[in-house]
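Q: how would this look folded up:
(chains A and B)
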Number of protein chains: 2
Amino acid sequence: MDKFLQAAIDEAKKGIDEGGIPIGSVLVIDDKIVGRGHNRRVQNGSAVLHAEMDCLENAGRIKASDYKRATLYSTLSPCDMCSGAVLLYGIPNVVIGENKTFKGPEEYVKSRGVNVKVMDNQECINLMGTFIKNNPELWNEDIGV
Amino acid sequence: MDKFLQAAIDEAKKGIDEGGIPIGSVLVIDDKIVGRGHNRRVQNGSAVLHAEMDCLENAGRIKASDYKRATLYSTLSPCDMCSGAVLLYGIPNVVIGENKTFKGPEEYVKSRGVNVKVMDNQECINLMGTFIKNNPELWNEDIGV
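A: The predicted model follows:
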């Protein structure tokens, strides 16, 4: 098991424990986690703090040259907003736990030069599958549906 | 002068008064402003609160059906991240103060069905032109360069 994807899953589980949406993310530079986050829609009443955004926010202000060596891990395929953040900062690598329960604009992100790796992790699939089944309205709100 | 673009410019000026980056945004639904925001990189040490994101965050959790009637105003052409937020929530209209000092992925946003209107507002151009000239490093950090 990839230790960084595991750290993202741990973040997703923190989200569940807080009554939130179970998506987690970590930002890795030079083999070190420099930011961790999870979806804060429920906890903060937030419209913008998806897991990846919360992770980038918690990582703080980072130099462009450091983003250019980074990998963003997320338990779920990043949506348009989070994919856009990857493109804004020129993050070259994205590792995705799963894209079976939701798939963001992966092809577009790849077309902009980002290396996208999908892990098809069963734990990630189970986390989201169960959550979506039990909370369809909350999930739809999170993805603007 | 469009009253909503003026409200976005007022937000940008609040940013200057706080020592921040002068970009402002408002979200309008049914001819009413439901959220206002400005760039918070300096003020909050934020990597994700561009003006449009701050505006969406301040607007709070909104139903998908309400976003579908919204217009997002920004004093500056939205970057990849902020454009992605527009796409995530299916906001159908974006009004941009200017795109001379920075231009985000307007063509891509249009290709996804969003109506994009650029106002070529001289006050917006002057605000950003002066800021970028005096703070090139801070500006580059904000756009990941």
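
Q: C-alpha only now, for contacts and for neighbours.
A: Will do.

Q: What strand or helix carries the residue of chain A most remote from its centre?
A: Each residue of chain A has a distance to the centre, and by Cα atoms, centre = their mean the biggest one is for residue A:65: 21.4 Å. In this assignment (DSSP states H and E), residue A:65 forms part of helix A:64-67.

Q: how many other residues sit next to residue A:129?
A: 15 (other Cα atoms under 10 Å in any protein chain shown).

Q: same thing with residue A:122?
A: Neighbours of residue A:122 (other Cα under 10 Å): 11.

Q: Nearest residue to it in space, please, no chain neighbours.
A: residue A:98 (7.9 Å; Cα to Cα, 6 or more residues apart in numbering or on different chains).

Q: Kindly indicate whether residue A:140 is helix, strand or coil.
A: Secondary structure, DSSP: H, G, I helix; E, B strand; the rest coil: residue A:140 is helix.

Q: Around it, how many other residues sit close by?
A: Neighbours of residue A:140 (other Cα under 10 Å): 13.

Q: now the one 4 residues further on
A: Using other Cα under 10 Å as the criterion, residue A:144 is surrounded by 21 other residues.

Q: Now do the same for it: helix, strand or coil?
A: Criterion first, three-state DSSP; result for residue A:144: coil.

Q: who touches the most centrally placed residue in chain A in this structure?
A: Centroid-nearest residue in chain A: residue A:74, 3.2 Å away (criterion: Cα atoms, centre = their mean). Residue A:74 sits next to A:5, A:8, A:23-26, A:51-52, A:94-97 when contact means Cα atoms under 8 Å, 6 or more residues apart in numbering or on different chains.

Q: ok, now residue A:76?
A: A:23-24, A:96-99, A:102-103, A:124 are the contacts of residue A:76 under Cα under 8 Å, 6+ apart.

Q: Which two of those have the greatest separation?
A: Spatial extent of these (Cα to Cα) is set by the pair A:24 and A:103 at 15.4 Å.

Q: Same drill for those two, tell me which one is more crowded.
A: Under the criterion of other Cα under 10 Å, the comparison of residue A:24 against residue A:103 puts residue A:24 first, with 31 against 13.

Q: Verify the contact between the more buried one and residue A:8 for me.
A: Yes: contact between residue A:24 and residue A:8 holds when scored by Cα atoms under 8 Å: they sit 4.6 Å apart.

Q: Overlap in contacts, these two.
A: A:36-37, A:74-75.

Q: Next step: these restricted to strands.
A: A:36-37, A:74-75 (DSSP state E).

Q: which among those end up buried?
A: A:36-37, A:74-75 (16 or more other Cα atoms under 10 Å in any protein chain shown).

Q: Would you mind reformatting those residues (as JSON lines) and adding columns for pLDDT and distance to residue A:117 while you're at it?
A: Putting these into JSON lines (pLDDT from 0 to 100; distance: Cα to Cα, whole Å) gives the following:
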{"residue": "A:36", "pLDDT": "98", "distance to residue A:117": "19"}
{"residue": "A:37", "pLDDT": "98", "distance to residue A:117": "20"}
{"residue": "A:74", "pLDDT": "98", "distance to residue A:117": "11"}
{"residue": "A:75", "pLDDT": "98", "distance to residue A:117": "12"}
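
Q: want to try JSON lines for these, with distance to residue B:118 as columns?
A: Putting those into JSON lines (distance: Cα to Cα, whole Å) gives the following:
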{"residue": "A:36", "distance to residue B:118": "37"}
{"residue": "A:37", "distance to residue B:118": "35"}
{"residue": "A:74", "distance to residue B:118": "34"}
{"residue": "A:75", "distance to residue B:118": "37"}
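
Q: Closest one to residue A:113 out of those residues, please.
A: Out of these, the member with the shortest distance to residue A:113 (by Cα to Cα) is residue A:74, at 18.3 Å.

Q: quick one, phi psi at the nearest residue to the closest one once chain neighbours are set aside?
A: Leaving aside its chain neighbours, residue A:74 sits nearest to residue A:25 (4.3 Å; criterion: Cα to Cα, 6+ apart). With angles defined as degrees, to the nearest 10, residue A:25 sits at phi -150, psi 150.
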